[in-house]
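Asker: Turn this into a model:
(2 chains)
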Amino acid sequence: RKEVEQDPGPFNVPEGATVAFNCTYSNSASQSFFWYRQDCRKEPKLLMSVYSSGNEDGRFTAQLNRASQYISLLIRDSKLSDSATYLCVASGGGADGLTFGKGTHLIIQP
Amino acid sequence: DAGVTQSPTHLIKTRGQQVTLRCSPKSGHDTVSWYQQALGQGPQFIFQYYEEEERQRGNFPDRFSGHQFPNYSSELNVNALLLGDSALYLCASSPLGENEQFFGPGTRLTVL
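Answerer: Numbering: from 1, shown residues only, chains lettered A, B, ... in the order given. You can find the predicted model right below:
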């Protein structure tokens, strides 16, 4: 079975801190990876794609380690508005559709 | 530029009934995927449509069926509803061959 595993949290983090999430995927043939953000009772929204070389978008940095089948997301200088559930996603490699993890719940505290 | 739209936003049905959910993809997108998200879980892939054909299917029973129309909009039909079908049903669209998918606001289905 092709799965994506994440720590569900919740992660309670003070505003301004740096927080890191990890996830692992079981399908070694997966080709594309993403982080989605989902606010309570809303749809998932694409946060960023994840590449082996690592990629950064403002305060967010994503990294892929294919050898360990491991994906990470780093959020620097966290804001109250970063509070959400972060979904790790793998795609391709014979899997149908996008394979989502259960999500990691982040709470930024003032 | 309208994003993905879904209707209705909420729906309440009883066990054994049938339901039809609707989705219009983002402008320029021709591929539509459907997902089921139970409370506290990540979305689970149901199936994907392109050129009015089902291209891929996840691990869902035949009670779940779909359709895509020439204008790329899509329907999800669920027959013989079970309590366990209560969930948020999400539609996502993308151009064919691209893995980035954009989600609609979802339809929240409650089965009593």
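Asker: Tell me who's in contact with B:Ala92.
Answerer: A:98, B:4, B:32-35, B:101-104 (C-beta atoms under 8 Å, 6 or more residues apart in numbering or on different chains). C-betas here are computed from N, CA, C, even on glycine.
Asker: What is the neighbour count of the closest residue to it other than its chain neighbours?
Answerer: Computed as C-beta to C-beta, 6 or more residues apart in numbering or on different chains, the closest residue to B:Ala92 that is not its neighbour in sequence is B:Gln101, at 3.9 Å. By the criterion of other C-beta atoms under 10 Å in any protein chain shown, B:Gln101 has 27 neighbours.
Asker: How about B:Tyr72?
Answerer: B:Tyr72 has 21 nearby residues by other C-beta under 10 Å.
Asker: got it, and B:Lys13?
Answerer: For B:Lys13, using other C-beta under 10 Å, the count is 16.
Asker: show me the contacts for the residue at minimal distance from the centre of chain B.
Answerer: The centre of chain B sits closest to B:Trp34, judged by C-alpha atoms, centre = their mean, with a distance of 3.3 Å. Residues near B:Trp34 by C-beta under 8 Å, 6+ apart: B:23, B:45-48, B:66, B:74, B:76, B:89-92.
Asker: The host helix or strand of A:Ile71 pairs with which strands?
Answerer: Assigned by DSSP states H and E, A:Ile71 falls within strand A:70-75. The strands beside strand A:70-75 in its sheet (DSSP bridges) come out as strand A:19-25 (antiparallel), strand A:60-65 (antiparallel).
Asker: can you list the residues that contact stretch A:16-33?
Answerer: A:1-7, A:11, A:13, A:49-50, A:64, A:68-78, A:86, A:88-95, A:99, A:101, A:104, A:106, B:99.
Asker: 7 Å instead, please
Answerer: In this structure, residues lying in contact with stretch A:16-33 by C-beta atoms under 7 Å, 6 or more residues apart in numbering or on different chains are A:2-6, A:11, A:13, A:50, A:64, A:69-78, A:86, A:88-95, A:101, A:104, A:106, B:99.
Asker: now B:Lys13: how far from B:Cys23?
Answerer: Noted for B:Lys13: a distance of 18 Å to B:Cys23, by C-beta to C-beta, to the nearest Å.
Asker: As CSV, could you dump the C-alpha coordinates of the lowest-mean-pLDDT helix or strand in chain B?
Answerer: Within chain B, no helix or strand scores below strand B:53-57, which has a mean of 92 by mean pLDDT, DSSP states H and E. Output of strand B:53-57 as CSV, limited to C-alpha atoms (Å, rounded to 0.1, in the frame of the first residue of the first chain):
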residue,chain,number,x,y,z
GLU,B,53,-13.5,9.0,-19.3
GLU,B,54,-12.5,7.7,-15.9
ARG,B,55,-8.7,7.5,-16.1
GLN,B,56,-7.7,6.4,-12.6
ARG,B,57,-9.7,5.1,-9.6
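Asker: returning to that earlier point: in strands, which of the contacts of B:Ala92 appear?
Answerer: Mapping the contacts of B:Ala92 onto strands (DSSP state E) picks out A:98, B:32-35, B:102-103.
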